[in-house]
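Engineer: sharing a sequence plus its predicted fold:
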Amino acid sequence: MARVEYREMTCKSALNRVQGMPFRWSLNPFRGCVHHCRFCFASSTHRYFDLAGAEDFFGIIFVKINLPEVLAEELSRRSWRREQVAVGTATDPYQPAEGRYKLTRRCLEVFARFRTPISLVTKGTMVLRDLDVLQDLTRRAGATVCLSVPTVDAEIWRRTELGTPPPWQRLRVMERLVAGGIRAGVLMAPLLPGLSANPDQIERTVRAAADHGACFIGSNLLHLDAGIRDYFLGFLEREHPELLDGYRRLYGTKYAPKAYQFRVERRIQEAKAMAGYGDDHHRRVETAIEPLQLALPLLVR
C-alpha cells in the first residue's frame, strides 16, 4: 500500500445534518480512510478538495484537529436536544491516525459531558481503548457500537478490505465490549454478491457473530453509485473476472433489483434464526418480488 499523507485542518462545524436516514446527525473526525476497502461508498468525496477519487481518498487523510472543541460549542447551545449522533458514517473513526490525535476519544468525552447518545461504526480494534469512555457515555446517555464485519472468510477479507484488522480480531474486540457492558454488535456491510452474500458465507459470519456474543446483527447489501462503480468493477476485473458480467447485469443502477435484495435478506433471516436471533435489528427490505432477469446464476445461488 502507498504511503499515507496526513493533512491537518480546522473545521467550522462538527455535526452534519443528515436526511433520509434513521438519525439526523453525524460526525466524522477524519476525511479519507486508510482502510482501503474496495467498495467504500465515500471514496469519491475527495473530489470536493479537487483531488482524485478512491486512491486519494485512501492516501490523503484530512484530520479535523479542532473537532472536539467545536463539538463542545455546538452541544452547549440551548437549541441542542440531545439527539442521537452517528459517528463514523463516512470514514472510520478508529483508523490508525486516531492513535495519535485521539479525536474520537475526545469527542466521546464531549458527548458524555453533554449527555448525548451516539451510535458508532468501525472496523478498527482501537475502539477497545475507549471502553472506559463508552461505559461512562452508556451510563449518561447511551452508546451503541457496530463492528463492521462483512465476512469472516480470510481470502475475501484480504482482497476487499486491504488496510483493516482481521475480522476475527474485530469479533474479539466486540466480545470484550459486550463483557464491559456496552451494547455492541456486528454490521455485515456491505455484503458482496457472489462473494460474502452467498448463503454459506452469510451463515458463517452470523454464526461467528453469535459465538462472540453480538447484541445484534445488522446487514446491508452493496450499493454501486457513480463514485465507486468504476473502481469496484476494476477490482473485479483483476481479482474476480468470473463475476464481472454478472455485476454489470445485476447493478444496472445503484441498487440491485428488489428481488435479489429480498433473496439475500431471506438468507440473513434464516441464518439469524438458526443462531437464535430475531429480526428486530435488521434493516427492513421491501418484500415485493420483481422479475429477476439480470443476474447470473453464480450471483444468486
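Structural biologist: That came through fine. If you're wondering where the values come from, they're calculated on a predicted model, not measured in any experiment.

Engineer: quick one: low-confidence parts of the stretch 51-200 of the chain?
Structural biologist: 51-53 (pLDDT under 70).

Engineer: what about the strands in it?
Structural biologist: Assigned by DSSP state E, counting those that start in this stretch, the stretch 51-200 of the chain shows strands spanning 60-64, 85-87, 118-122, 143-148, 183-191.

Engineer: deepest-packed of these, please.
Structural biologist: strand 143-148 (a mean of 25; mean count of other CB atoms under 10 Å). Every C-beta, even on glycine, is put in place using the N, C-alpha and C of the backbone.

Engineer: which parts of the stretch 151-300 of the chain are helices?
Structural biologist: All helices of the stretch 151-300 of the chain, identified by DSSP state H, counting those that start in this stretch, fall at 154-160, 167-179, 199-211, 226-239, 241-250, 258-274, 297-300.

Engineer: which residues touch residue 274?
Structural biologist: If a contact means CB atoms under 8 Å, 6 or more residues apart in numbering, then residue 274 has 203, 206-207 as its contacts.

Engineer: are any of the residues you listed buried, and which?
Structural biologist: 203, 206 (16 or more other CB atoms under 10 Å).

Engineer: how about CSV for the contacts of residue 274, with pLDDT and distance to residue 225 added?
Structural biologist: Shown next, in CSV, are the contacts of residue 274 (pLDDT from 0 to 100; distance: CB to CB, whole Å):
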residue, pLDDT, distance to residue 225
203, 98, 29
206, 98, 27
207, 98, 31
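
Engineer: now tabulate the contacts of residue 274 in TSV and tack on distance to residue 190.
Structural biologist: Shown next, in TSV, are the contacts of residue 274 (distance: CB to CB, whole Å):
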residue	distance to residue 190
203	18
206	16
207	20
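
Engineer: which of the contacts of residue 274 sits closest to residue 58?
Structural biologist: residue 206 (29.1 Å; CB to CB).

Engineer: about what we covered before: of the contacts of residue 274, which is the nearest to residue 156?
Structural biologist: The closest of the contacts of residue 274, once distances to residue 156 are taken by CB to CB, is residue 203, at 14.3 Å.

Engineer: verify the stated contact: the closest one with residue 272.
Structural biologist: No: Residue 203 is beyond contact range of residue 272, at 9.7 Å (criterion: CB atoms under 8 Å).

Engineer: related to what we said a few turns ago, need the strands of the stretch 51-200 of the chain in CSV with distance to residue 37, can you?
Structural biologist: Below are these laid out as CSV (distance: least, CB to CB, whole Å):
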stretch, distance to residue 37
strand 60-64, 14
strand 85-87, 18
strand 118-122, 12
strand 143-148, 9
strand 183-191, 9
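
Engineer: ok, which of these comes nearest residue 246?
Structural biologist: Closest to residue 246 of the strands of the stretch 51-200 of the chain is strand 183-191 (CB to CB; 14.8 Å).

Engineer: starting at the chain centroid, how far to the closest one?
Structural biologist: 8 Å (CA atoms, centre = their mean, to the nearest Å).

Engineer: elements contacting it?
Structural biologist: strand 143-148, helix 167-179, helix 199-211, strand 217-221 (3 or more CB pairs under 8 Å, 6 or more residues apart in numbering; DSSP states H and E).

Engineer: which phi and psi does the residue lying farthest from the centre of the chain have?
Structural biologist: Within the chain, residue 78 marks the point farthest from the mean C-alpha position, 31.6 Å out by CA atoms, centre = their mean. Reported as degrees, to the nearest 10, the phi and psi values for residue 78 are phi -60, psi -30.

Engineer: so what's it up against?
Structural biologist: Not one residue lies near residue 78 by CB under 8 Å, 6+ apart.

Engineer: surely residue 232 touches residue 41?
Structural biologist: No: here residue 232 does not reach residue 41: they are 9.8 Å apart, not a contact under CB under 8 Å.
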